[in-house]
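Peer 1: My questions are about this predicted structure, shown below with the sequence.
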Amino acid sequence: MGVSNGRKSIFITGAASGIGAATAKLFADRSWFVGLYDVNEAGLKEVAAEIGEENCISGKLDVRERTDWDRCMSAFSEATDGRLTVLFNNAGVGRHGWFEEMNGEDNDWVVDVNVKGVINGVQAALPLLKQTPGSRIVNTASTAGVVGSPKLAVYSATKFAVRGLTEALDVEFSNLGIRVTSLMPWFIDTPILDMGKADGANEKMSDMIRESGQDVYPVELAAERAWDAAHGKEVHYMAGKMAERTRFAARFMPKRLKKSLEKNLGPRE
């Protein structure tokens, strides 16, 4: 694995695929040193090979485990001389289906990865962020963190939590010189769209999206917005026109938005 040699650096969770992998490639193309972290070690190897071993460091990281965070952050610090320009808390999971079809273990899994994983990341990265001028945290939320999303209730709740955490820490860390922002994508063409109510479930969220004719945006668009979130002045960065429209509707036309969601809900079996 490489070392930063004075380059700006980004630590990415969920880097083996989807938005994380696309963001890693984009930042590496723009001369950043990239930390690649995920539970999927095979995927990490593929991304590292594509961007060049000299441009990255990688490691297996379960964001739920604080000991994993300590180990990976220590290795990253050694490769970057104790600097971290951007922490990209991107790892996320979900379940799709009626609330009563979800079991407690899956709900715990979604909350633990999507909320506790982000909190663990901030705590582990804060010492490096404090000693890096102009540092920033980017948290992947979702349009589901703007409006409560039916058949994604627990997932949506976690993304509202990430949104709230982002806003609170952006204020709290202001006197440390650390910005905190969020990426809020609409449906992006990533493996998470294949979420079902359980592993191996026949009904997938991607099926619902195709049947309803909703927009799905390329992963490169989300990566570009992650770049904006790492550099811009706003707090939240929507990815996709439908994300922008949903934020507008949630603010100015909430009743109409609720009726639209109810109309597309579909019957219970």
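Peer 2: Looks like it arrived, so ask away. Numbers count the residues shown, from 1 in each chain.
Peer 1: Could you count how many residues lie near E100?
Peer 2: The burial count assigned to E100 is 6, neighbours taken as other Cβ atoms under 10 Å. The C-beta positions use only the backbone N, C-alpha and C, and glycine is treated the same way.
Peer 1: make that G134, sorry
Peer 2: When neighbours are counted by other Cβ under 10 Å, G134 registers 11.
Peer 1: Would you mind naming the residues that bridge with S58?
Peer 2: S58 forms beta bridges with L36, as assigned by DSSP bridges.
Peer 1: Now do the buried residues in stretch 159-176.
Peer 2: Neighbour-count burial for stretch 159-176 flags K159, F160, A161, V162, R163, L165, T166, L169, D170, F173 (criterion: 16 or more other Cβ atoms under 10 Å).
Peer 1: Closest to K130 out of those?
Peer 2: F173 (9.0 Å; Cβ to Cβ).
Peer 1: contacting residues for that closest one?
Peer 2: By Cβ atoms under 8 Å, 6 or more residues apart in numbering, F173 lies in contact with I137, R179, V180.
Peer 1: make it 10 Å
Peer 2: V122, L126, L129, K130, S135, R136, I137, R179, V180 (Cβ atoms under 10 Å, 6 or more residues apart in numbering).
Peer 1: Please indicate which of those has the highest neighbour count?
Peer 2: Of all the contacts of F173, I137 has the most neighbours under the rule other Cβ under 10 Å, reaching 28 neighbours.
Peer 1: Surely that residue and A124 touch.
Peer 2: No - with contact defined as Cβ atoms under 10 Å, I137 does not reach A124; the gap is 11.4 Å.
Peer 1: what is in contact with those two at once?
Peer 2: Common contacts of I137 and A124, defined by Cβ under 10 Å, 6+ apart, comprise F11, L87.
Peer 1: that older thread, possible to save the buried residues of stretch 159-176 as JSON lines with pLDDT?
Peer 2: Shown next, in JSON lines, are these (pLDDT from 0 to 100):
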{"residue": "K159", "pLDDT": "98"}
{"residue": "F160", "pLDDT": "97"}
{"residue": "A161", "pLDDT": "98"}
{"residue": "V162", "pLDDT": "98"}
{"residue": "R163", "pLDDT": "98"}
{"residue": "L165", "pLDDT": "98"}
{"residue": "T166", "pLDDT": "98"}
{"residue": "L169", "pLDDT": "98"}
{"residue": "D170", "pLDDT": "98"}
{"residue": "F173", "pLDDT": "98"}
